[in-house]
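Participant: Fold the stuff below for me.
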Amino acid sequence: MTGGSPIVAQLREIQRAHGYIPLAALRELSERTGEYLYKLHGVISFFPHFRLQPPPAVEVLVCDDLSCHRRGGAELLAAAHQRASPAGPEGTVVRAVSCLGRCDRAPACAVNETIVSGVTLDTLADHIATATAGEHVAGEHVVRGTTPLAVDPYGDGPRYGAARALAAGGDAAGVIASLKAADLRGMGGAGFRTGLKWELVRNAAGDEKYIVCNADESEPGTFKDRFLLENVPHLLVEGMLLAGLVTGARLGIVYIRHEYEGQLEIIEHEIALARAAGALGPSVFGSGRAFELETFVSPGGYICGEESALLEALEGKRGEPRNKPPFPVTHGLHNKPTVINNVETFAMAPVIVARGAEWFRAQGKAGASGLKFVAISGDVVRPGVYEIGMGTPAREVIFQRAGGMAGGRPLKAWAPSGPSSGFLPPSMVDVPLDFDSLAQAGSMLGSGALLALSDEACMLDMALNAVRFFRNESCGKCVPCRVGSAKMVDVLSDIAGGRGRPEHLAMIDDLSHALIQTSICGLGQVVPMPIRSVLTHFRDEVDEHLLHQRCPAHVCPMLGA
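Facilitator: Alright, predicted model coming up:
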């Protein structure tokens with residue numbers, strides 16, 4: 001039984017050895033694997049982590065997406081340009097980079113591929129000096145966390161009890177019924193009901209099936225799966241094991257973003273512990289049922305958070321979304337039935353099986369069911385990940401858990417789930433954080449990446465920043481997204497730069513309609529969300545830019561300013 005394609009892993013090893021992928025090594029790989037050279041080039045050119053040329057002596061990548069933008073990312077990028085080029089060796093490169101997954105420690109940078117966070121101009125200058133001297137830049141030290149969580153049914157006691165009971169009793173139908181009764185839904189964005197998904201894969205024809213974990217959270221503001229990988233990796237392993245035993249799959253794959261090297265070590269260590277305990281292997285807990293887990297490191301790209309693009313990458317192809325139908329539950333990895341859930345969804349399954357659906361439902365508030373992990377960043381005192389009851393009002397997360405707005409500034413806007421959910425006004429801060437309530441509010445729960453903005457933020461600037469991220473991360477497969485996202489950035493840039501015209505509003509409407517109706521995948525469909533929400537809730541601010549060439553927050557570089 002095969003899992004992820006070895007091609008991507010071998011390309012990664014070649015780059016690790018050389019710093020890039022030399023043509024000679026690429027030709028050798030082509031000859032050894034029988035893979036056409038042009039196909040290997042196609043894969044390498046698609047993923048941002050791969051390079052065909054030697055890296056510069058000093059490469060400084062600065063994040064300026066949403067959370068980092070609010071913490072001075074743009075200023076840091078400009079200052080890095082000024083300081084690094086004169087101080088660094090010839091060929092020193094400074095450029096912007098898409099979200100590095102450190103939104104709670106913004107601003108974040110990568111210096112010679114080492115991620116550093118909470119950066120100031122002085123600390124970045126020190127890192128650049130270290131790299132210029134040819135020395136290794138010290139990165140984060142990631143260790144397994146000890147935060148006690150309600151979602152963990154084991155605490156300090158023996159683990160894998162839910163999987164052990166299922167392996168012994170074989171009541172797969174009971175597990176599916178519990179997931180349905182608990183109303184567990186996908187926590188990665190789409191919210192598809194987990195019990196139904198597992199049931200569809202269980203009932204799908206064929207003996208070869210797969211379990212895939214999407215640990216590639218890459219949207220600005222999203223980092224709660226990183227927290228779960230650090231604190232409860234055993235719940236991810238057990239959740240995937242439960243899915244394997246329920247569906248009949250014998251292999252699971254954790255697809256993890258390459259910026260999560262420390263978290264990768266933690267999950268691989270947990271997999272080894274589980275294997276030693278008999279939870280993984282040819283006979284799970286002596287049941288005669290086989291299940292194994294392996295990891296697959298993403299070569300980059302936000303688009304691979306889309307499930308079918310992720311499957312393409314696992315198969316060693318360019319990570320471009322597939323047309324649907326068919327769906328992964330019947331035609332997933334290697335065209336076989338596949339369960340794809342994210343880290344948080346899998347981590348919820350063991351506690352539901354161990355403590356029951358009623359216990360899980362009772363953790364919610366205001367009629368919502370279950371637990372939720374919320375990652376909050378932006379202009380708050382304590383950015384981080386918080387475990388809450390589903391249905392908790394956003395006000396409680398912002399002003400109690402996260403300590404309120406930094407500097408005592410008033411709340412101006414908030415996004416329930418990063419740029420794809422759009423921005424809401426402070427008058428809606430009492431909306432419960434659950435699927436139905438946010439849908440009724442014209443937004444979505446998504447992955448629960450809450451972003452809070454103070455009155456110092458410009459909403460047009462934030463919309464432009466968000467749309468620019470989507471444009472940068474578009475895979476380019478479909479024309480509406482490739483062209484439409486670029487055109488939307490041009491239009492918003494004109495308005496933010498004092499070059500706006502009234503007809504730009506009609507252009508935004510036309511572009512939005514085309515993107516939503518004709519894009520192949522969710523990325524293109526959410527491109528308009530930031531500006532559409534700003535036009536809905538903050539129209540006066542847009543009119544100030546458009547009609548009076550004035551930025552009320554004094555953020556945008558208006559003509560004559």
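Participant: Return the residues in contact with residue 404.
Facilitator: 380, 381, 398 (C-beta atoms under 8 Å, 6 or more residues apart in numbering). (C-beta placed from N, C-alpha, C; glycine too.)
Participant: From what I see, the last one and residue 380 are in contact.
Facilitator: Just to be clear, that refers to residue 398. Yes: in this structure, residue 398 is within contact of residue 380 by C-beta atoms under 8 Å, at 6.4 Å.
Participant: which neighbours do these two share?
Facilitator: In contact with both residue 398 and residue 380: 404, 405, 452, using C-beta under 8 Å, 6+ apart.
Participant: Let's see the pLDDT reported for the first one.
Facilitator: The one in question is residue 404. Model confidence at residue 404, expressed as pLDDT, equals 98.
Participant: if we can go back for a sec, looking at the contacts of residue 404, which has the most residues close by?
Facilitator: When neighbours are counted by other C-beta atoms under 10 Å, residue 380 leads the contacts of residue 404 with 26 neighbours.
Participant: Now that one: phi and psi?
Facilitator: Main-chain torsions, residue 380, degrees, to the nearest 10: phi -110, psi 160.
Participant: Tell me, how many residues neighbour the nearest residue in space to it that is not next to it in sequence?
Facilitator: Leaving out its chain neighbours, the residue that sits closest to residue 380 by C-beta to C-beta, 6 or more residues apart in numbering is residue 402, at 4.1 Å. Per other C-beta under 10 Å, the neighbour tally for residue 402 reads 24.
Participant: Phi first, then psi, for residue 402.
Facilitator: phi -90, psi 0.
Participant: wait, residue 189 sits on residue 416?
Facilitator: No: counting by C-beta under 8 Å, residue 189 sits too far from residue 416 to count as a contact (11.4 Å).
Participant: which residues are common contacts for the two?
Facilitator: Looking at what touches both residue 189 and residue 416 (by C-beta under 8 Å, 6+ apart), the common residues are 444, 446.
Participant: These two: who's more crowded?
Facilitator: Per other C-beta under 10 Å, whichever of residue 189 and residue 416 has more neighbours is residue 416, with 29 against 26.
Participant: Tell me the spacing between that one and residue 160.
Facilitator: 34 Å (C-beta to C-beta, to the nearest Å).
Participant: about what we covered before: dump the contacts of residue 404 to a markdown table, plus distance to residue 175.
Facilitator: Output for the contacts of residue 404, formatted as a markdown table (distance: C-beta to C-beta, whole Å):
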| residue | distance to residue 175 |
| --- | --- |
| 380 | 38 |
| 381 | 41 |
| 398 | 36 |
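Participant: Save those as JSON lines, and put in pLDDT too.
Facilitator: Listed next are the contacts of residue 404 as JSON lines, based on pLDDT from 0 to 100:
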{"residue": "380", "pLDDT": "98"}
{"residue": "381", "pLDDT": "98"}
{"residue": "398", "pLDDT": "98"}
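Participant: The residue nearest to residue 380 contacts residue 452, correct?
Facilitator: Yes: taking C-beta under 8 Å as the definition, residue 402 is a contact partner of residue 452 at 7.1 Å.
Participant: quick revisit: could you report the distance from the residue nearest to residue 380 to residue 358?
Facilitator: For residue 402, the distance to residue 358 - C-beta to C-beta - is 30 Å.
Participant: first to last residue in stretch 30-50, what's the distance?
Facilitator: 16 Å (C-alpha to C-alpha, to the nearest Å).
Participant: ok, residues contacting stretch 14-33?
Facilitator: Residues contacting stretch 14-33 (C-beta under 8 Å, 6+ apart): 6-7, 10-11, 35-37, 40-41, 44, 49-55.
Participant: Student question: in this protein, what's the helix or strand with minimum average pLDDT?
Facilitator: helix 73-87 (a mean of 84; mean pLDDT, DSSP states H and E).
Participant: Tell me which helix or strand comes right after that one.
Facilitator: Downstream of helix 73-87, the next assigned helix or strand under DSSP states H and E is strand 93-97.
Participant: what ranges do the strands span in the protein?
Facilitator: Using DSSP state E, the strands of the chain run over 59-63, 93-97, 108-111, 114-117, 210-215, 251-256, 292-297, 338-342, 371-378, 384-389, 411-415, 449-454.
Participant: Give me the sheet partners of the fifth one and which way each runs.
Facilitator: Looking back up the chat, that one is strand 210-215. strand 251-256 (parallel), strand 338-342 (parallel) (DSSP bridges).
Participant: Would you mind finding the most buried of those?
Facilitator: Mean neighbours per residue, mean count of other C-beta atoms under 10 Å, is largest over these for strand 338-342, with a mean of 27.
Participant: Now do that one: distance to the chain's middle.
Facilitator: 15 Å (C-alpha atoms, centre = their mean, to the nearest Å).
Participant: cool, stretch 8-28 as well?
Facilitator: For stretch 8-28, the distance to the chain centre is 26 Å (C-alpha atoms, centre = their mean).
Participant: That stretch: which residues count as buried?
Facilitator: Buried residues in stretch 8-28, defined by neighbour count with 16 or more other C-beta atoms under 10 Å: 8, 9, 10, 11, 12, 14, 15, 21, 22, 25, 26.
Participant: closest to residue 193 among those?
Facilitator: residue 8 (31.2 Å; C-beta to C-beta).
Participant: isn't that closest one right up against residue 312?
Facilitator: No: the pair residue 8 / residue 312 is not scored as a contact, 10.7 Å apart, by C-beta under 8 Å.
Participant: Serialize the buried residues of stretch 8-28 to TSV and add fields for pLDDT and distance to residue 265.
Facilitator: Conversion of the buried residues of stretch 8-28 to TSV gives the following (pLDDT from 0 to 100; distance: C-beta to C-beta, whole Å):
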residue	pLDDT	distance to residue 265
8	93	19
9	92	16
10	95	20
11	96	21
12	95	15
14	97	21
15	96	19
21	97	24
22	97	28
25	97	26
26	96	28
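Participant: From the residues you listed, pick the one nearest residue 511.
Facilitator: So of the buried residues of stretch 8-28, ranked by how close each gets to residue 511 (C-beta to C-beta), first place is residue 8, at 34.1 Å.
Participant: on that earlier part again, between the least confident helix or strand of the chain and strand 59-63, how many degrees?
Facilitator: Per axes from the mean of the first three to the mean of the last three C-alpha atoms, to 10 degrees, the angle that helix 73-87 makes with strand 59-63 is 170 degrees.
Participant: now for helix 73-87, which elements pack on it?
Facilitator: For helix 73-87, the packing partners by 3 or more C-beta pairs under 8 Å, 6 or more residues apart in numbering; DSSP states H and E come out as strand 59-63, strand 93-97, helix 121-132.
Participant: elements contacting the longest one?
Facilitator: Counting by 3+ C-beta pairs under 8 Å, 6+ apart, the packing neighbours recorded for helix 121-132 are strand 59-63, helix 73-87, strand 108-111, strand 114-117.
Participant: Give me the contact list for it.
Facilitator: Here helix 121-132 makes contact (C-beta under 8 Å, 6+ apart) with 57-58, 60, 76, 79-80, 83-84, 87-89, 92, 109, 111-112, 114, 116, 119, 136-138.
Participant: are any of these buried, and which?
Facilitator: 58, 60, 76, 79-80, 83-84, 88, 92, 109, 111-112, 114, 116, 119, 137.
Participant: Next one, pLDDT for residue 141 please.
Facilitator: Per the predicted model, pLDDT is 89 at residue 141.
Participant: which residues touch the nearest residue in space to it that is not next to it in sequence?
Facilitator: Excluding the flanking residues, the one nearest residue 141 by C-beta to C-beta, 6+ apart is residue 262, at 7.5 Å. Neighbour list for residue 262: 140, 141, 142, 143, 230 [criterion: C-beta under 8 Å, 6+ apart].
Participant: what about the nearest residue to residue 354 once chain neighbours are set aside, distance to residue 459?
Facilitator: Among residues not flanking residue 354 along the chain, residue 153 sits closest, at 4.1 Å (C-beta to C-beta, 6+ apart). According to C-beta to C-beta, residue 153 stands 43 Å off from residue 459.
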